[in-house]
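# Below are the sequence and a predicted model; questions follow.
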Amino acid sequence: MLDPLFDRIKQLEALTSKQQVEIRKLKRDNDEMYATISNFDELIEILRASGLGSNSKSGRNPGRGGNGEEDEEDDMIETEYMELSDLPSGENKPMLYEYEYFDDSEIFGVAPSSVIEAADSAGAAILAAMLGGQRRMLVDVRDAELTNNPEILAQFLELSILPVAAGLEGLNSERNRVKIVFPTVAQLLEYRKLSALAAPDVVALGTLNFGSLEDPDALIILVAPSPEDKEEFQMMLDILSPKNPEDTIEQPVVLLNYHMSGMKNMPEPVRSWEVIYHLRLLSVQYLAMAEGAEEGKEMTESEIEDMFLEASSEREEALPETPGSTSAVNSLDEESDFEDLASDAAFVDFAEEQENSGVVPGTTRAMVIRSYPRPWHVFVDTSPDEDADFEVAATFEVQPNQDEVNLAIVNCLQGSQEEDELVAKEMKEALEAGQLDNVTDRLNQGLAAESEGDGDGDGEEDGNLFPVPLGVEYDGSQDHPVAELFVSGDDDDSDDDVEDEDEDEEVEKEGID
C-alpha cells in the first residue's frame, strides 16, 4: 500500500536534487556572464570613443545634438543614442549616434540543445496554438531517445503539457483538465511510475480502448502507436475520424509523434492538421574545396561541379546506402535511428583518398524546426568542432521537402566559408591602408587613462584587456609596452608626477600622525 507512495517520494527527491544542481550551475554561469558583459561594456565604450561609430549601424547619417537621449525600447528594435564628449578634432558639440539591435532568437527562435529544451518549446507552441484557435494539432520530435527511453518520454510529456495544465488548474468550468492517451496499458503504467506530476484533477490518463475521451477533458494529448500494432492503430483512426459524424471529438487534440504511424497511413482529415511543433535532426556529410588545392590553381565552375559529382559518386559507392541521400547532403532516414556515419570505416577510407585531390570531406549537424507561430526554419551547425553554433540557413512558409533542405544546408556552409574569407580580406586591406591606426591610437589612450585611474585607487591591478599594439614588440619579460609608451613622456611631466606623489605621501603621513 505504501510502496507506491515511497517510490513517488524517492522520485521527487531525485528530481529536486537534480534541479538544485542545475540551479547552482546556472548561478555560476550567470556570474561568469556578468563579468564578461562588464568587460565587454568597457571595450565598447573605448571603441565608441575611438570613432568607430562614425557611420550609423542602420545606414543613416549621424545627426548632431547637445545632449544624448534614449528612445523607448521596442520589442524588436532597441534604438539607443550615445553622446561622445571626447572628440580629438576639437568639435564643440558632441555627435549623436544611432544604434539598432535585432534579437535573432526572437525572430527565428533557437535550436534546442536537448530533448528537454525541445519539450519546453513544444509546450509553448501548444499553448500559443490553442490561444490562436487551433483545434487539431501535430507535434513531432524525431529523436531516438524520445522513442526508446520511457523516462525521456515521460519528461517530454510533462513539460509539453505544463503550460496548458497550469492555465487550467483551479479553473471553474466543465472542462478543466488535460488527458494523455497512451496506445497500451503498459505504456500508461510506465508513465505513471516515472511521472513527477500527481494532479489527477488537472492531468488525467487513459488508453485508446479505455477512458480515451471524457467530458471534463479540455485538451487531449494522443501518443501515436506504431503501425505494427494494427489493433491500436485502428483504434486511433476510429477516434480521430469516426464513421459517425456525431462521435467527432469536440475538444482540441494533439497527436504526438505522428511519424511513428506514418503520415501516409493517416486519413485525409488528419493530414490537413496544423504542425505546431516539429524537430528533425540531420547528420550532414559534405565535400569542400581544400585551401590552396592544386597549388592555388583557380578552377572554373564547371570543373568544380564535375569534380564534386565525381567525388560524390565515389563516396556513394564507398558508403553504405542511406535512404533519402543526395550527392551534396546525406541525411538520415526519418524513421531510422540516428547514426554517426563519419565513424564508418568506408567514410574514413574515402576521406583519406580525397585528402590530396583538393576535396575535403566534412561532417556537421542540421535541424529542421517549426515552432508555432513561427515558420519553418533550417538550422545548420557552422562550427561542428566547437560548441553548438547553429545558424538559420533558410526559412520556409510551408514544410520543406528534402531537396529544399539539402540546398539550404549547402548554401549555408558555402556562404559561411566565403564570409570568413571576405572578412579576413577586408581586415587585411584595412590594415595595409592604415585605416586601423586611429583605432589603435584610441585604444592606447584608453589604456593609458585606465592605468592613471588605477594609480589613484586602492592599488589593485587588473589584467591587460587589450593586446599589444601593432608594430610594438613584446616578449612578456618587461612591462606592457603600451604602458611604457605613455609613461615615458617629457621629463618635465615626469618630474611633476614625482612631486605630486611626494606631496600625497606627506599628506598621508600627517593624517596618520
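Now that the structure is in, tell me what you want to look at.
# now residue 37: how far from residue 30?
Noted for residue 37: a distance of 10 Å to residue 30, by C-beta to C-beta, to the nearest Å. Heads up, the C-betas are built off the backbone N, CA and C, glycines and all.
# Thought residue 167 was touching residue 218, still the case?
No: Residue 218 is not in contact with residue 167 according to C-beta atoms under 8 Å; the separation is 9.3 Å.
# Looking at these two, which has the bigger crowd around it?
With neighbours defined as other C-beta atoms under 10 Å, residue 218 and residue 167 compare such that residue 218 has more, 20 against 17.
# Need the residues that contact whichever strand or helix holds that one.
Using DSSP states H and E, residue 218 sits within strand 217-223. Strand 217-223 has contacts (C-beta atoms under 8 Å, 6 or more residues apart in numbering) with 126, 130, 157, 160-161, 164, 168, 173, 175-183, 187, 204, 212-213, 236, 239-240, 249, 251-257.
# Now the buried members of the residues you listed.
Buried residues within the contacts of strand 217-223, counting neighbours by 16 or more other C-beta atoms under 10 Å: 126, 130, 157, 160-161, 164, 168, 175-183, 187, 204, 212, 236, 239-240, 249, 251-257.
# Show me where the chain has its strands.
Using DSSP state E, the strands of the chain run over 77-83, 96-102, 136-142, 177-182, 203-207, 217-223, 253-256, 274-289, 359-371, 376-381, 390-396.
# For residue 265, find the nearest of those.
With C-beta to C-beta, the closest approach to residue 265 among the strands of the chain belongs to strand 253-256: 12.5 Å.
# And the closest one, what does it pack against?
For strand 253-256, the packing partners by 3 or more C-beta pairs under 8 Å, 6 or more residues apart in numbering; DSSP states H and E come out as strand 136-142, strand 217-223.
# Format these as CSV; extra columns: distance to residue 400.
Output for those, formatted as CSV (distance: least, C-beta to C-beta, whole Å):
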stretch, distance to residue 400
strand 136-142, 14
strand 217-223, 26
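# With respect to residue 12, which of those strands lies nearest?
Smallest distance to residue 12 across these (C-beta to C-beta): 22.6 Å, for strand 217-223.
# how about that closest one: buried residues?
Buried residues in strand 217-223 (16+ other C-beta under 10 Å): 217, 218, 219, 220, 221, 222, 223.
# May I have the beta-bridge partners of the first one?
For residue 217, the beta-bridge partners are residue 177 (DSSP bridges).
# so where's the stretch 201-350 of the chain shaky on pLDDT?
Within the stretch 201-350 of the chain, the set of residues satisfying pLDDT under 70 comprises 211-212, 261-262, 288-350.
# Now do residue 26: how many residues are near it, please.
Using other C-beta under 10 Å, residue 26 is surrounded by 10 other residues.
# which residues touch it?
Neighbour list for residue 26: empty [criterion: C-beta under 8 Å, 6+ apart].
# can you tell me how far it sits from residue 404?
Separation of residue 26 from residue 404 (C-beta to C-beta): 38 Å.
# Also residue 133?
The spacing between residue 133 and residue 404, counted by C-beta to C-beta, is 29 Å.
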